[in-house]
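Trainee: Sequence and predicted structure are below.
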Amino acid sequence: MAEYWGVKVEDIFNTMKERFRPEGAKDVDAVFGYDIADEGKWRLTVTNNTMLLEKTDTLAGCVSTMSADGETFVGVNTGKVDATNAFMSGKFKVEGDMGAFGKTGKLFRKFVIPKKEMTTKEYLADMFATIVPRFKAKEAEGLEASFGFDLGGPDGGKWTVFIKDKVCTVTTSIEGKPTVTLEFNDAKDYVDFILGKIDAQSILAAGKASAKGDINMMASKWPILFEKYKDPMAGAVQEQELLVLKKTISLNEKFSTGPIMGKFLKGLKDKKIFANKCPECGRLQLPPREVCAECRVRAGEMVEVGPKGEVRYMDIVYYAMPDPLTGVARETPYGSIFILFDGCKGNETLPHFIRKDQIEKIQMGWNEKKGTRVRPVWEENRIGDIWDIQYFEIDE
Amino acid sequence: MAHKKNRNVGIIGIGQTKHSSHREDVNQPELIHEAVSLALKDAKLTMKDIDCVVHGNMELFEMVHSPDLWHVLGTGAYGKDSIRITTGGTVGATLSCASDNLVASGMYDIVMAIGFEKLQEGHTTGGITNMACPLWFRKIQAGALTGSSAYDVEREFGLERANRASLMYRIIMDKHACLNPNAHRAFGLDFNQVDDLIRTSPKLVGELKLIEMCSQSDGACCVIYACEKKAKELSKTPVWIRDHITAHKEENFTIFGYDRKYPVLKTHKFAAEHLFQRNGIKDPLNYFDVFEMYDPATWWAIDWIRDFFNLQGDEHLKLIENKEIMIGGKMPINPSGGVIGSNPIGATALVRVAEAALQVRGNAGPHQIPTPVNHALASGFGGTMWTVMTMLEKELNW
């Protein structure tokens, strides 16, 4: 099993049980499939706020199945790969009911890459292994020096770092007489010192360490010659203070309708749909507006149209756009229809919504073809608002 | 007659941030300052040389009123003449038109236009829904998505050809975006993914799929305009603004009647016809060397190519199918990767002008067209089908 960022595909699945959030599974009753290339298939059953995960050979019967390669799957779950990019570019696919799969996002707590502890021995190995890559050759112009490290204790060891002709080499012994030699009684103190957990003064003062030879070479030159050691366990440390402020605003707004739109909205209260007519070109405007945009003249004559008509165009909306008036995502899919009311012609259409269970039955019309006939379903208590019509339904 | 100008105007400085969905590392003035610094550096100027700053973005997308006040330290407008413009999706193009007019009129010698957006902040859908008439339509409208263009193209050319053209266009844009270091989305898509993406990319609205829609980006763009005299003094390669045009229509979406006897005002077609006619350009497809088109979604893009160049039948689809819109083709469209690749909305239409100007200058970078670019076209789109178009020239010889 391959590892990506130190994580196996199985690690993600094996921790699902402990990451499961019953509160996120309230409205979920479905079977989901996971198909990870070269790794296997998993079937996740969620019902009654519980989950069951099984490795499987077939994903038949799943409401939706996601497929990806191992690297993408681990990357998305650990945040190492941008999920949107992976999804849009087809590296991470979902087949079947997209909306249902979207709910899996709430089912689990985020996967956290487990932090391994590094031992003193591992740290020392890493620190000296990275000396050459951290060496800044251009700072070593004309410099010839050697740095000895004599680190005691059970995990300790000896190293010499040579610098000559702008080249840096490391040996695992003390050779010759280094320009300066650093001695630590316990190698662990050296590791802590490099990691910044303890400061040099207190170690030296306590007699736990000493430096022999050209001390200045170690104190002033070393930090210039080498980039600072980065703790591989520290993760991505924020280098500066970054704050993202979260705000919610909720406002009461009011708008004047003016007499023309006022008549339209009052008409809805009386279960009537009014358009206005241009005195020059004769076109109707729906909803009515003060002037005809094309003729630039006032258009005050009101004409009652509909309330039945035919559907000329329908958008089926799958993407759960939050309604900015309420902040709540509309339930998807829904059908946004453009209705040509009886008495209207051309492009004199009005947008509204179709009854949810009738989306599939709607035919769109054009010159040669009639669209599905629809009628409004009125609210019981009407207040003079576009929502006095709940939605439209097929007029059979 | 083209626009009446008192004097010619040239673009002498261009700066753009990297467009990205992750710019939490900077606040809004800091983001803008990145683009301003780059444009000043490009023009070898300092803020002292700028006579007026024109600032613009989408109204209330970040839910900040008069953002030019907050941004003043980033824009450099402190103590200077400054104008704020906001015309929806076209705002970037309108910034360019306004700056051109301000210089051409003789009012200012050097004007800086700044377009910006930080779509991860505030509430984009809140902003875009606030565009709709609050008396009724705000309650029904849902953001900027519609599948109507897909429906139109599919009805005219059949499901398979339409979808393949749409994805072909998308992949060409991605190939361009991969060459543009500032592009937001550059996936590395290949043409063999066409069928797979048609099948697997989730639908947003109708036939409009996720992969076909533009991104939401954070980014800023800054362009510096100078009068002819200053432009020639200050720049070796000024890019001249020949003409620009704006076409609006009423705010209603009364375009869905599908009645052929009642044609809808299509502002792209209207604007292009008027612009080319008054400049004596009979064959725009041959005249222009590059087109930076505001393409919010592939379906709109493929449909609009026909409107802009006044093509007949399926000529526009053939341009795409034969890859003539790729860098190296007959009419390279969006070498930058387009709006589909990067969309910091208030900057987006200005980026079109900036990228077209870079192509004319010949130093766009890895996405530079290999053949000489003498005539460039840029478009902006917004509102309920509004259009702004800008023509750029290498030589002052029209």
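Mentor: Ah, there it is.

Trainee: Domain-wise, how is the chain divided?
Mentor: Here I'm looking at chain A. Using automatic domain parsing, the domain parsing of chain A gives A:3-106, A:120-225, A:258-394.

Trainee: that's the wrong chain, I wanted chain B
Mentor: Taken from automatic domain parsing, chain B resolves into B:9-127+B:217-239, B:148-215+B:241-393.

Trainee: And those: which comes nearest A:Glu117?
Mentor: Across the domains of chain B, A:Glu117 has its closest neighbour in domain B:9-127+B:217-239 (30.8 Å, C-beta to C-beta). In this view, the C-beta of every residue, glycine as well, is placed from N, C-alpha and C.

Trainee: how far does that closest one sit from the chain's center?
Mentor: Centroid displacement of domain B:9-127+B:217-239 relative to its chain, using C-alpha atoms, centre = their mean, to the nearest Å, is 14 Å.

Trainee: In TSV, list the domains of chain A along with distance to B:Gln359, mean neighbour count and mean pLDDT.
Mentor: As requested, these are exported to TSV (distance: least, C-beta to C-beta, whole Å; neighbours: other C-beta atoms under 10 Å in any protein chain shown; pLDDT from 0 to 100):
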stretch	distance to B:Gln359	mean neighbour count	mean pLDDT
domain A:3-106	27	17	88
domain A:120-225	39	16	88
domain A:258-394	34	18	91
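
Trainee: B:Pro370 - that's part of a strand, no?
Mentor: No: using DSSP: H, G, I helix; E, B strand; the rest coil, the assignment for B:Pro370 is coil, not a strand.

Trainee: hang on, the earlier thing: and the domains of chain A as a markdown table, adding distance to chain B?
Mentor: Output for the domains of chain A, formatted as a markdown table (distance: least, C-beta to the nearest C-beta, whole Å):
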| stretch | distance to chain B |
| --- | --- |
| domain A:3-106 | 4 |
| domain A:120-225 | 24 |
| domain A:258-394 | 3 |
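
Trainee: still on that earlier bit, what's the closest of the domains of chain B to chain A?
Mentor: domain B:148-215+B:241-393 (3.0 Å; C-beta to the nearest C-beta).

Trainee: What average pLDDT does the closest one get?
Mentor: The average pLDDT within domain B:148-215+B:241-393 is 93.

Trainee: does it come close to chain A?
Mentor: Yes: Domain B:148-215+B:241-393 reaches chain A (C-beta under 8 Å from any C-beta of the partner chain) through B:148, B:151, B:185, B:187-189, B:193, B:196-197, B:200-206, B:210-211, B:249-250, B:252-262, B:264.

Trainee: Start and end of that domain, how far apart?
Mentor: 35 Å (C-alpha to C-alpha, to the nearest Å).

Trainee: Same check on stretch A:176-195?
Mentor: 29 Å.

Trainee: Of all the domains of chain A, which one is nearest B:Ala354?
Mentor: domain A:3-106 (24.7 Å).

Trainee: Filter the residues of domain B:148-215+B:241-393 next to chain A down to the ones in strands?
Mentor: B:Lys203, B:Leu204, B:Val205 (DSSP state E).

Trainee: Please tell me how far the second one sits from B:Thr298.
Mentor: Think B:Leu204. 12 Å (C-beta to C-beta, to the nearest Å).

Trainee: Who has more neighbours out of these two?
Mentor: B:Thr298 (30 against 25; other C-beta atoms under 10 Å in any protein chain shown).

Trainee: The more buried one: what's it in contact with?
Mentor: By C-beta atoms under 8 Å, 6 or more residues apart in numbering or on different chains, the contact list for B:Thr298 reads B:Ser166, B:Leu167, B:Tyr169, B:Arg170, B:Met173, B:Glu212, B:Ile340.

Trainee: contacting residues for the third one?
Mentor: Listed by C-beta under 8 Å, 6+ apart, the contact partners of B:Tyr169 are B:Thr298, B:Ala301, B:Ile302, B:Ile320, B:Ile325.
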